[in-house]
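J.: build me a structure from this.
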Amino acid sequence: SYAQESAAPPPPAFTRFVNHCMNRQPCTDAHCDCADAPDQLAEHGCNTNGNFKDCVAIAMEACTKTSGCLSFAVMNDGNNFELFALNNHSSVPNSDWTSYAQVSATPPPPPPAPPTHAWGPPPALWNTLHVNGIRQVRARFPNANPQHADGLCFSKANLPGEGCDNWLSAHGSSGSLPGSAKGFRLQYGLNRNVAPATRNDGSKGSYGTFQYTIYDPPQGHPVYNKPLPDRTWTNNSYFSFWGDLLSRPANVNYGSDINKTYRVPETGVVHMFHSGLWGGWQYQMAGQDTSQNALLFGYGGYQEARGSGIKSNHYYVENLLEELDAPGEWYHDPTAAKIYFWPNTTAPLETSEVVAPTLSAIARLEGASNVAFVGITFTETRATFLDQYEVPSGGDWSVHRGAAMEIVDSAGITVTNCSFNQVGGNGILLSNDASNNTISHNEFVYTGDSGIVAVGTADGFDGTAPTYPANNDISNNHIHEIGVYGKQTSCYFQALGQNNRFANNLCYNGPRAGINWNDGFAGGSTVEGNLVFNMVRETGDHGPYNSWDRQPYLTRSGVEDGFPISDKLGLNASILKKHDIITKNLFINGYNGVWTIDHDDGSQYFNDTENFMVFGGCKNYLGCHKSCDHNVIVHPGIPERSSGNRRCQTDDNKVFQEQYHDNNHCFTQDGGFYSMDISACDRAVIDPHVYQTFNNTLYAPASAFSNGPCNTFAKWQAAGQDTGSKVLPLPKASEILAMGRAVLQ
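T.: Numbers count the residues shown, from 1 in each chain. Below is the predicted model:
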């Protein structure tokens, strides 16, 4: 029984609300008449062998003796909860219950609704201008071009002229935007970390169960006021593994950096980095408070999933008339219906091609099959950074489910020898049941967000319906200069997909990971033969490849988990994914990248084999069944790179088993080959089921070796590790390159 408390003790008489019913059946959509409170009530019910009257008597006695108790609920013989309350109370305003009794007395009037936040207008339909095929710069401060090096914000400069000179630094913020109404939390107790068919001490592990929260957007929000596209429900709610996607800072303090008073600040947009450099945000301005030196936000900040406060984040402002002060800049005042433009050309505008796009998608295929696009240029679409984004699964990223070309629930689509040049958002979207499609020999350049995104849909924990991209071939593409606006973007992004192939692609010059998988889902995908470099230029963490797998899904394509069907929603499915394979890739870490292959929170069931990895190694964090083997790993962890102290293999846990580092060639400058959390060089401490190293060839000056308390290679081997391995002096660079070529063949 649950108690509703008040300051005054109640009289001992209670009324049974006979017309009240709280159904025990779990809710499946965001606007159900019952929340998950009934199931919680059942867990805390009376132990009376199901005798309803006895349970009522026990609960009534307990409530009577509890100061402030006004009501309680008890499950009856029909598995419905009946509500009991004091005679002089006609309603029970408990926010934990979303369904109340209809009683004869007139309920008190509801509390007044909070005032609607002044969100401002929806995003401008027109936000991009192209002249003679070149994207122009919206009037901004500080001046720079986001497509050029001067407009990028390099998190760790590698070359002369790199840095964040043309960005401002925030001076903090105050207050928050109105958040969403929390609907209910989806939670399933089945834990993959203790699956009978796998060996793992998962009882101590994380990310074994599914959990998600559904939010309803706040009243009057101009962007999240309609259903998300390509989803399976009709309302406009959204999932989030993290907190509320719309609860974000309300302003940014600019200190003395801006000395102008903007006449129409509501047209402005703030582009800002996450405080931890995990991505970027865009905010529509709602005004300017000159007394507080603050730019006020109307909405935004949902372009990445985690959120944070504002500290000294780098940012710039655009689309403000007072900042129109350089050739090539333009400004649009939608209220006055005027455009201002300072041409950066000697050609007269009368003979120039001027394009003001209002479309974000040029082609959309839905329910289509066997259509080919060959040799077509897709270009000059509107920017989508203030459109809807969603958190499709448990990774850090949110994504806009849209692109210049959208392939939705379609099969056999071929896109070859096409160009995606200066599109305002993603290049290509593969959404839901997009299967057996081919994207090959295309170029993606200066995309506003990612090059290619593949995004599926699951019914909470249930991923058995065919609503995910599968068996797609993405190969031989040239993807570069991505993330002009979005900074949580990649050459290829995958969420809720399986059995896809990303092969033989050239990927470089982007703000975050080159390849990012937001979850493991059913597995079976392959990353093969790619060249990835110059990524993580504007953010932090990550590397050429990054994965998360913080929550499991039931799918029909996984490996046997050993759980009975009765534990799996009655479905013939598995909570364990297939192995994904990363092989024959040349990954070169740079800028702020840390690991070349970053298997972050909960990632499991991976084979990372026969890769040539430069300036970064393999990482395993909170996940089992991963193998880093037969790779050539060159100088991970050197202090000149952001990967300092992260070695050939990083294992940041002591629990998850079946992690292998074997048959690799690894070259270091100081003999530090492993980054592992071990406290003593002892077999009793170094679990051989967690740390499994063998048959490696390790190279260092003078054959040096050190791994924390194991300060010699002999001690390390005596602790049960690197059986069959050896440490040799560093060879010539030509010999290292020959090994790299051999492993890629």
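
J.: can you check my assumption that M739 lies in a helix?
T.: Yes - if the criterion is DSSP: H, G, I helix; E, B strand; the rest coil, then M739 is within a helix.

J.: is it true that it touches F667?
T.: No - the criterion here is Cβ atoms under 8 Å, and M739 misses it with F667 at 9.1 Å. No exception for glycine: its C-beta is placed from N, CA and C like everyone else's.

J.: so which of those two has more stuff around it?
T.: Using other Cβ atoms under 10 Å as the criterion, M739 and F667 rank with F667 on top: 23 against 16.

J.: got a pLDDT number for that one?
T.: In this model, F667 is scored at 97, pLDDT.

J.: who's in contact with N225?
T.: Taking Cβ atoms under 8 Å, 6 or more residues apart in numbering as the criterion, N225 is in contact with P217, N236.

J.: any idea how far D216 is from it?
T.: 11 Å (Cβ to Cβ, to the nearest Å).

J.: and for the two, which residues touch both?
T.: Here N225 and D216 have N236 as joint contacts, going by Cβ under 8 Å, 6+ apart.

J.: residue ranges in the protein under the pLDDT threshold?
T.: 1-56, 59-115, 199-204, 642-644 (pLDDT under 70).

J.: all helices of it, in order?
T.: If DSSP state H is used as the criterion, the helices of the chain fall at 37-43, 52-64, 713-718, 733-744.

J.: give the buried residues for the third one.
T.: Translated: helix 713-718. F713, K715, W716, Q717 (16 or more other Cβ atoms under 10 Å).

J.: now do the residue nearest to the spatial centre of the chain against N253, distance only.
T.: For the chain, the residue nearest the mean C-alpha position is W397 (1.8 Å; Cα atoms, centre = their mean). According to Cβ to Cβ, W397 and N253 sit 28 Å apart.

J.: same check, this time on G724
T.: Following Cβ to Cβ, the distance that separates G724 from N253 is 59 Å.

J.: neighbour-wise, which of these two wins?
T.: More crowded of G724 and N253, by other Cβ under 10 Å: N253, with 16 against 12.

J.: the closest residue to the more buried one other than its chain neighbours: neighbour count?
T.: Leaving aside its sequence neighbours, N253 sits nearest to H171 (Cβ to Cβ, 6 or more residues apart in numbering; 4.1 Å). H171: 16 surrounding residues under other Cβ under 10 Å.

J.: H171 against N293, yeah?
T.: Yes - under the criterion of Cβ under 8 Å, H171 makes contact with N293 at 7.5 Å.

J.: now the common contact residues for these two.
T.: Any residue near both H171 and N293 by Cβ under 8 Å, 6+ apart counts here, and that gives N253, Y254, G255.

J.: between those, which is nearest N505?
T.: Comparing the shared contacts of H171 and N293 against N505 with Cβ to Cβ picks out Y254 as the nearest, at 40.6 Å.

J.: contacts only, for the closest one.
T.: Y254 touches L168, A170, H171, N293, A294, L295, counting by Cβ under 8 Å, 6+ apart.

J.: looking at the residues you listed, which is nearest D561?
T.: Among the contacts of Y254, A170 lies closest to D561 (Cβ to Cβ), at 46.9 Å.

J.: what separates the closest one from V252, distance-wise?
T.: In terms of Cβ to Cβ, A170 sits 5 Å off from V252.

J.: pull up the overlap in contacts between these two.
T.: Counting by Cβ under 8 Å, 6+ apart, the residues touching both A170 and V252 are M272, I310, N313, Y315.

J.: can you put those in JSON lines and add neighbour count?
T.: What follows is the shared contacts of A170 and V252, written out as JSON lines (neighbours: other Cβ atoms under 10 Å):
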{"residue": "M272", "neighbour count": "25"}
{"residue": "I310", "neighbour count": "24"}
{"residue": "N313", "neighbour count": "24"}
{"residue": "Y315", "neighbour count": "24"}
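
J.: out of those residues, list just those in strands.
T.: In strands, defined here by DSSP state E, the members of these are M272, Y315.

J.: quick check: the farthest pair among the shared contacts of A170 and V252?
T.: The largest separation in those, counting by Cβ to Cβ, is between I310 and Y315 at 8.6 Å.

J.: how many neighbours does D433 have?
T.: 18.

J.: just want the phi and psi numbers for it.
T.: Torsion angles at D433 (phi, psi; degrees, to the nearest 10) stand at phi -80, psi 60.

J.: equivalent analysis for the one 3 residues further on, please.
T.: The main-chain torsion angles of N436 are listed as degrees, to the nearest 10 and equal phi 60, psi 40.

J.: start the count at 872, not 1, going forward
T.: Yep, numbering from 872; the last one is N1307 now.

J.: quick one: contacts for it?
T.: By Cβ under 8 Å, 6+ apart, N1307 lies in contact with A1282, G1283, A1341, N1342, N1343.

J.: show me the strands in the stretch 1472-1616 of the chain, by range?
T.: 1477-1480, 1483-1485, 1489-1491, 1497-1500, 1503-1505, 1520-1522, 1530-1533, 1536-1538, 1545-1547, 1563-1565, 1568-1570, 1597-1599 (DSSP state E, counting those that start in this stretch).
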